[in-house]
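Trainee: Sharing a model prediction with you, sequence too.
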Amino acid sequence: MVDNKTRIDKSANYRMVLVLNGVLQEDCPPDTRSLYHAHPVYRETAAQLLAIPNKVIGPVGLLYVQQREFAATVPHDKNVSILGSDDVTTCIIVVVRHSGSGAVALAHLDGSGTDEAVCNMIQRVQELAMGYPEGRIELQLVGGFSDAHHYSEELFYNIMACFHKLPMEVDLTLACVGELNTTIRGGIHWPMVYGVGVNVKTGEIFPANFPDKGPDQALRCARHLTGQAQVLDIYDSNLGLLRIGPFNYEPLRGVDLWLEQSDEFILQHLSTSPEVEPPHFVMQIRATLKYIQDNQFPAVTVFRDNRPHYFRRDEHTGTWQPIRY
């Protein structure tokens with residue numbers, strides 16, 4: 001889903017810090033078509049990504065990032081070997097990596113909290129890259145497609161503008177978004193890649209989907225369904241802890257009524273791209289609505305004493321297990 005309220009003044013003057021195809025840019029590209037026309041190399045790198053067979057990734061070694069979340073880690077993290085996210089239609093997955101240290105962050109952005117998320121991702125990667133003087137900050141964008149409402153185009157520009165106004169050089173190395181991530185089936189535009197994984201050790205990025213989306217899924221989805229705009233950092237790589245919350249949301253008016261509606265009604269009204277959602281979309285939304293119905297005040301019932309939910313990688317099963325207090 002895209003929060004269309006987040007608009008950036010396209011006439012704003014930003015510093016020359018975005019690097020496209022090795023060249024510092026004075027202006028941010030206004031849309032994906034301009035980017036690909038001026039820099040055909042991005043067509044080639046997108047084609048290389050699309051040529052990689054899609055992988056189905058299991059939970060072992062995976063840190064799954066939900067919508068409006070990001071996570072950052074380093075190659076020697078013994079708990080995480082793959083960062084990943086999927087179910088992106090009009091959303092965009094953003095990967096920031098320091099080429100010298102291999103420190104990497106991945107976010108699943110939908111238009112809410114973009115500016116703050118971009119700053120936080122860069123800051124985390126820079127912290128994790130401390131002590132590695134050599135290297136550059138590389139940016140990879142995957143997702144979005146040529147949707148009828150141009151949500152993906154607006155989000156692309158929004159993200160690029162946020163990076164362009166940072167006070168350091170950021171090198172765009174991959175942009176598989178918009179028309180390059182679009183195919184037409186039955187007269188309908190569809191995304192070609194719905195998700196990607198990043199190999200933390202090598203930095204390799206590949207198309208992927210993730211049947212196991214990690215712990216507390218309904219709770220995490222409840223944040224964006226209830227309109228919480230912030231993009232949360234969910235991982236402490238020093239301690240190897242997945243951290244959810246604490247956060248609160250307002251009770252969702254009419255949640256009982258929503259749960260009484262048909263699958264088709266939910267699909268049409270709670271998706272920015274109802275024709276192309278993955279098959280489990282409605283089931284996931286229903287589970288989230290039920291969670292919100294059962295937990296109207298998470299600050300009271302879910303995050304008692306204002307404590308986050310912490311999860312640690314179990315050495316035997318390789319999955320995230322809750323830390324009990």
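Mentor: Yep, it's here.

Trainee: Tell me where this structure has helices.
Mentor: Per DSSP state H, the chain carries helices over the ranges 32-38, 41-51, 114-128, 151-164, 217-225, 255-260, 263-270, 281-294, 298-301.

Trainee: quick one, what contacts the closest residue to Gly22 other than its chain neighbours?
Mentor: Leaving aside its chain neighbours, Gly22 sits nearest to Asp171 (7.8 Å; criterion: Cβ to Cβ, 6 or more residues apart in numbering). Heads up, the C-betas are built off the backbone N, CA and C, glycines and all. Asp171 sits next to Val19, Gly22, Arg136, Ile137, Glu138, Leu139 when contact means Cβ atoms under 8 Å, 6 or more residues apart in numbering.

Trainee: at 10 Å what do you get?
Mentor: Asp171 makes contact with 17-22, 24, 97, 99, 136-140, according to Cβ atoms under 10 Å, 6 or more residues apart in numbering.

Trainee: my guess is Ile159 meets Val95, correct?
Mentor: No - the pair Ile159 and Val95 does not pass the contact test of Cβ atoms under 10 Å, sitting 11.6 Å apart.

Trainee: which neighbours do these two share?
Mentor: Common neighbours of Ile159 and Val95, using Cβ under 10 Å, 6+ apart, are Ala107, Leu139, Leu141.

Trainee: Of those, which is the most crowded?
Mentor: Ala107 (29 neighbours; other Cβ atoms under 10 Å).

Trainee: just checking, that one touches Ser85?
Mentor: Yes - using Cβ under 10 Å, Ala107 is in contact with Ser85, at 8.1 Å.

Trainee: Neighbours of the nearest residue to Ala229 once chain neighbours are set aside, how many?
Mentor: If the residues on either side of it in the chain are set aside, Ala229 comes closest to Ser112, at 4.1 Å by Cβ to Cβ, 6+ apart. By other Cβ under 10 Å, 22 other residues sit near Ser112.

Trainee: Pull the distance from stretch 28-42 to the chain's centre.
Mentor: 22 Å (Cα atoms, centre = their mean, to the nearest Å).

Trainee: Just the buried positions in that stretch, please.
Mentor: Going by neighbour count (16 or more other Cβ atoms under 10 Å), the buried part of stretch 28-42 is Cys28, Pro29, Asp31, Thr32, Leu35, Tyr36, His39, Tyr42.

Trainee: What average pLDDT does that stretch get?
Mentor: Mean pLDDT, computed over stretch 28-42, is 92.

Trainee: With only the CA atoms kept, save that stretch in PDB.
Mentor: Listed next in PDB are the C-alpha coordinates belonging to stretch 28-42 (Å, rounded to 0.1, in the frame of the first residue of the first chain):
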ATOM      1  CA  CYS A  28      17.300  13.800  -9.400                       C
ATOM      2  CA  PRO A  29      15.700  11.800 -12.300                       C
ATOM      3  CA  PRO A  30      12.000  12.800 -12.400                       C
ATOM      4  CA  ASP A  31      10.800   9.300 -13.300                       C
ATOM      5  CA  THR A  32      12.000   5.800 -14.200                       C
ATOM      6  CA  ARG A  33      11.700   6.300 -17.900                       C
ATOM      7  CA  SER A  34      14.100   9.300 -17.800                       C
ATOM      8  CA  LEU A  35      16.500   7.300 -15.700                       C
ATOM      9  CA  TYR A  36      16.500   4.400 -18.200                       C
ATOM     10  CA  HIS A  37      16.700   6.700 -21.200                       C
ATOM     11  CA  ALA A  38      19.700   8.700 -19.900                       C
ATOM     12  CA  HIS A  39      21.400   5.600 -18.400                       C
ATOM     13  CA  PRO A  40      20.700   2.400 -20.400                       C
ATOM     14  CA  VAL A  41      23.100   0.500 -18.100                       C
ATOM     15  CA  TYR A  42      20.300   0.200 -15.600                       C
END
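
Trainee: re the thing from before, what's the distance between the residue nearest to Gly22 and Ile93?
Mentor: 18 Å (Cβ to Cβ, to the nearest Å).

Trainee: Tell me the spacing between the residue nearest in space to the middle of the chain and Gln140.
Mentor: In the chain, the centroid-proximal residue (Cα atoms, centre = their mean) is His108; its distance is 0.9 Å. For His108, the distance to Gln140 equals 13 Å [Cβ to Cβ].
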